[in-house]
Structure formats: C-alpha cells, structure tokens
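Visitor: please find the sequence and the predicted model below.
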Amino acid sequence: MKASAAAATKVVLRPEPPWLNRNVLGMGIASLLSDAGHEMATAVLPGFLAALGVSAAALGFIEGVADSISSAAKLWSGWLSDRSGHRKPLAVEGYFLTGFSKALFAFAHGWPLVLVGRALGWFGRGIRGPLRDALLAESVPVESRGKAFGFHRTGDTLGAIIGPIVSVWLIAHYHSNFPDPSAPFRRVFLLTLIPGIGSGIAFAYFVSEKRSSPAQIQFWASVRSLPCSYRRFLWGCGIFGLGDYARTMIILAATQLLSPTYGLRAAAQLAAIFYVGHNVFYAGYSYPIGALSDRLGRRGLLAGGYLAGALSSLGFVAAFVWKLNVVVFLLAMFGLAGLSMAVEDSLEAAMTADLVQEKLRGTAYGVLGTINGIGDLASSAMVGILWTAFSPTVAFLYATVLMALGSIVICCSSPEK
C-alpha cells in the first residue's frame with residue numbers, strides 16, 4: 001500500500017513540460033531575424049517615399065492594401081492547417097517569401113513597385129502568422145501561454161530594435177557616398193535579404209510539430225463552429241483595428257514635424273530612432289504583460305493596452321495642433337504606441353488560445369488576422385486620406401476615437417474564462 005501511495009504521489013508531483021523549450025526558442029529566433037529585416041525596411045520607407053515625392057495618401061494605400069492581402073492569407077492558411085493537420089511547411093514558406101520581398105523596394109522609382117513588395121511581404125506574414133501562433137500555443141502548458149506569447153513577442157521585437165538601428169547607421173554611412181538621395185535607402189533594402197533568409201532557415205531547423213489527424217471540415221463550417229465568446233472578443237479587436245494605423249504613419253508624422261527644424265535627412269534619422277524607442281517599449285513590456293495576464297486575466301490588460309494606443313494618437317493630434325516638435329514628447333508618444341502594441345500582440349493571441357479549442361485554433365487565428373487586416377486596411381487608408389485631404393490632426397483624431405471605442409468594447413465584453 002505504501003509503495004502504491006508513493007507511486008501515486010510521484011505521478012501527481014511530476015512537473016509539467018517546460019514552457020521555454022526548443023520550439024519557443026526557435027520561433028523566437030526566427031521572428032527576431034524576420035523582424036530585423038522587416039523593420040530595417042519599415043524604419044526608412046517613409047523617408048525613401050519622401051525622397052521619391054510620394055504622398056501620405058499613397059503610403060496609407062500601400063499599407064492598407066498590404067494588410068488586407070495579409071488578412072486573406074491568414075484566413076486561408078489557418079483553416080488549411082486545421083484541415084490538413086500540418087502547419088510547419090507552409091509557415092517556413094511564409095518566412096522565406098517575407099524575407100525576399102523587401103529587396104524589391106531597391107528597384108522602385110515610384111509607389112507601384114513598393115506596393116508589390118509590401119504586398120508580397122505581408123502575404124508571407126499572413127501565411128505564417130496563424131500557423132506559428134497555433135504551433136506556439138500547442139508547444140506550452142495552458143497556464144504558461146501568456147509567458148510564451150510574451151517571450152515570443154520580446155524576441156520578435158528585439159529584431160525590430162536591431163533593424164532600425166542598423167538602418168540609421170547605414171543611411172548615415174552611405175549618405176555622403178551618393179548624390180542621389182534615394183540611393184542609401186536602396187542599399188538598406190537589399191541588405192534585408194540577410195536576416196530575411198536567415199529567419200526561414202531558423203524556423204525550418206529549430207521548430208518541430210506533432211502532426212494531428214486531418215479534420216475534414218469545410219471552411220465556413222469551421223468558422224461557424226467558433227464559440228460565441230470568441231466572436232464577442234472579435235468585435236472589440238475589430239473596432240480597435242479600425243483606428244490602429246500602420247506604424248509608418250507615426251514615423252512619417254515625426255519626420256514632418258521635425259523637418260522644418262532639422263532638415264529631411266536628419267528628421268528621417270530621428271524618426272527612425274524614435275521607432276527604435278517604440279520597439280524597445282514593445283520588447284520590454286511584452287513578456288511582463290504576458291506573464292501578468294497568466295495571473296490576473298487578460299481582458300482588462302488588453303483594454304488598457306488599447307487605451308494606450310488611443311492616448312498615443314491623441315498626443316500626435318496635440319503635436320500638430322501646437323507644433324510640438326520636442327524630441328522628448330515625440331519619443332514618449334512612440335513609447336505609448338509601443339506599449340499598446342506589446343499588449344495587443346501578446347494578449348490577443350493568448351486570449352484566442354484560451355477561448356478556442358485546439359482543433360479550431362488555426363481557423364481562429366486566421367479569423368483574428370482577417371479582422372485585424374480589415375481594420376488595418378481601413379485605418380491606414382483612412383488616416384492617409386484624411387491626412388492628405390484635410391490635415392494630420394483630423395487623421396489622428398479619427399484614430400483616437402476608434403481606438404478608445406475598441407477599449408470600451410473589450411472592457412465591457414464577457415470575461416475570457
């Protein structure tokens with residue numbers, strides 16, 4: 001009897017599998033490299049387009065179309081992975097496609113080729129996103145999901161810190177060597193191939209999956225099977241997303257605010273440095289927010305993150321109204337935007353895993369990505385149109401209202417558990 005009791009005790013006390021495992025580390029490394037390449041291009045893209053004479057409306061259109069393509073890819077790839085029971089190969093292809101796409105910017109002499117490159121890159125990101133998140137959720141214990149997603153976003157954002165720093169250094173290094181103001185930017189775009197290809201190799205080598213049985217479920221039947229609590233959650237995400245413009249818009253805002261004092265090149269470099277600050281906040285808060293949500297719940301924290309985004313946008317309204325081109329103030333607004341993104345990216349993914357059973361998670365992440373993509377299309381395009389037709393003040397005020405409303409809807413929705 002004593003031996004049996006001891007054996008039973010051993011079974012009860014057996015530790016859970018560690019959450020910081022090869023898969024979590026591998027996905028973190030792949031995302032670090034991918035975002036380093038992506039943010040190298042993103043940080044200097046507004047400056048490049050300014051050198052080409054491209055308007056804010058065109059930038060908003062480019063970002064919106066790219067996001068909408070990404071959202072469609074997320075919906076399709078998520079459902080396909082649930083149906084086939086196999087996620088990794090398609091995710092690897094998405095990483096490689098994203099890695100190659102930014103190099104196309106180097107050959108652009110107007111916005112159309114930039115649109116093509118951005119669309120291809122976001123198509124690759126759309127393919128891989130739901131599959132990576134589903135693999136990540138399946139790789140860790142339930143009670144450690146917040147930590148795992150927060151850790152992944154931290155790794156992801158370390159790449160987003162490294163990328164802009166490298167871009168700023170390269171622009172400064174190449175500036176005196178080329179009479180054409182667009183030439184330094186083109187060099188940066190070509191060099192994004194190095195981390196971009198490395199991300200695909202890292203995901204293929206480090207990440208493994210336990211293939212599940214194929215589920216012969218039709219697409220719309222799969223979507224209709226998602227629980228009501230998850231659909232209510234999507235309403236808040238969608239409303240917030242209608243105001244959640246691409247971060248290139250605040251880089252452009254900082255560039256315009258600083259150009260009268262510092263000149264275009266120095267203003268573009270300062271705006272890229274602010275974006276580094278944005279990503280430092282993003283990286284610094286991602287893991288703590290995720291870990292805190294494991295203890296306190298995610299709904300209230302997510303609503304607070306949405307509100308931080310609204311306050312950042314309101315800060316840019318004030319900056320254009322009162323001509324606040326003070327470096328410290330603008331950096332603080334970038335920091336608030338980084339905090340908002342840390343909360344959004346860590347907790348939306350973790351809440352999806354909480355609300356949806358494993359066999360439908362690929363579809364659920366695809367639907368979430370589609371909702372966010374539709375919001376990104378509308379927000380980036382609308383902010384760009386309002387900016388060009390009226391003023392940046394009107395554009396950021398529109399975003400502030402929608403972000404704040406999304407925070408209210410999430411706060412008033414049903415608890416996640």
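Guide: Perfect, thanks for sending it. Numbers count the residues shown, from 1 in each chain.
Visitor: which positions within stretch 52-66 qualify as buried?
Guide: When burial is assessed from 16 or more other C-beta atoms under 10 Å, stretch 52-66 yields the following buried residues: 52, 54, 56-66. No exception for glycine: its C-beta is placed from N, CA and C like everyone else's.
Visitor: swap in stretch 265-276?
Guide: For stretch 265-276, using 16+ other C-beta under 10 Å, the buried residues are Arg265, Ala267, Ala268, Gln269, Leu270, Ala271, Ala272, Ile273, Phe274, Tyr275, Val276.
Visitor: got it, and stretch 294-309?
Guide: So, applying 16+ other C-beta under 10 Å, buried residues of stretch 294-309: 294, 297-299, 301-309.
Visitor: any chance of TSV for the buried residues of stretch 52-66, columns distance to Leu90, secondary structure and pLDDT?
Guide: As requested, these are arranged in TSV below (distance: C-beta to C-beta, whole Å; DSSP: H, G, I helix; E, B strand; the rest coil; pLDDT from 0 to 100):
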residue	distance to Leu90	secondary structure	pLDDT
Leu52	34	helix	83
Val54	33	coil	76
Ala56	35	helix	70
Ala57	34	helix	73
Ala58	32	helix	77
Leu59	30	helix	73
Gly60	30	helix	70
Phe61	28	helix	76
Ile62	25	helix	79
Glu63	24	helix	71
Gly64	25	helix	69
Val65	22	helix	77
Ala66	19	helix	77
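Visitor: can you name the two of these that are farthest apart?
Guide: When C-beta to C-beta is used, the two most widely separated members of these are Leu52 and Gly64, lying 18.9 Å apart.
Visitor: relative to the whole chain's centre, how far out is the helix or strand harbouring Arg187?
Guide: Element membership for Arg187 (DSSP states H and E) is helix 183-191. Helix 183-191 has its C-alpha centroid displaced from the chain centroid by 23 Å (C-alpha atoms, centre = their mean, to the nearest Å).
Visitor: any stretches of this protein with poor pLDDT?
Guide: In the predicted model of the chain, residues 1-17, 64, 78-79, 81-85, 175-179, 211-221, 413-417 satisfy pLDDT under 70.
Visitor: longest helix anywhere in it?
Guide: For the chain, the helix that runs over the most residues, judged by DSSP state H, is helix 264-296.
Visitor: beyond the helix holding Arg187, next helix or strand please.
Guide: Once the chain leaves helix 183-191, the next helix or strand it forms, by DSSP H and E, is helix 193-206.
Visitor: pretty sure Met161 is touching Ala283, no?
Guide: Small correction: residue 161 is Ile, not Met. Yes. Between Ile161 and Ala283 there is a contact under C-beta atoms under 8 Å: 6.1 Å.
Visitor: how near is the closest residue to Val343 other than its chain neighbours to Glu348?
Guide: Nearest residue to Val343 in three dimensions, chain neighbours excluded: Gly305, at 2.4 Å (C-beta to C-beta, 6 or more residues apart in numbering). For Gly305, the distance to Glu348 under the criterion C-beta to C-beta, to the nearest Å works out to 9 Å.
Visitor: could you check which helix or strand contains Ala395?
Guide: Ala395 is located in helix 392-412, with elements delineated by DSSP H and E.
Visitor: can I get that helix as PDB, trimmed to CA atoms?
Guide: Extracted as PDB, the C-alpha positions of helix 392-412 are listed here (Å, rounded to 0.1, in the frame of the first residue of the first chain):
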ATOM      1  CA  PRO A 392      -2.800  65.100 -39.900                       C
ATOM      2  CA  THR A 393      -4.700  66.500 -37.000                       C
ATOM      3  CA  VAL A 394      -8.000  65.200 -38.400                       C
ATOM      4  CA  ALA A 395      -6.400  61.800 -39.300                       C
ATOM      5  CA  PHE A 396      -5.000  61.100 -35.800                       C
ATOM      6  CA  LEU A 397      -8.200  62.300 -34.200                       C
ATOM      7  CA  TYR A 398     -10.200  59.800 -36.200                       C
ATOM      8  CA  ALA A 399      -7.800  57.000 -35.000                       C
ATOM      9  CA  THR A 400      -8.000  58.200 -31.400                       C
ATOM     10  CA  VAL A 401     -11.800  57.800 -31.300                       C
ATOM     11  CA  LEU A 402     -11.900  54.300 -32.800                       C
ATOM     12  CA  MET A 403      -9.100  53.000 -30.500                       C
ATOM     13  CA  ALA A 404     -10.800  54.300 -27.400                       C
ATOM     14  CA  LEU A 405     -14.100  52.800 -28.500                       C
ATOM     15  CA  GLY A 406     -12.400  49.400 -29.000                       C
ATOM     16  CA  SER A 407     -11.000  49.600 -25.500                       C
ATOM     17  CA  ILE A 408     -14.500  50.200 -24.100                       C
ATOM     18  CA  VAL A 409     -16.000  47.300 -26.000                       C
ATOM     19  CA  ILE A 410     -13.300  44.900 -24.800                       C
ATOM     20  CA  CYS A 411     -13.600  46.100 -21.200                       C
ATOM     21  CA  CYS A 412     -17.400  45.500 -21.300                       C
END
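Visitor: all good on my end, thank you.
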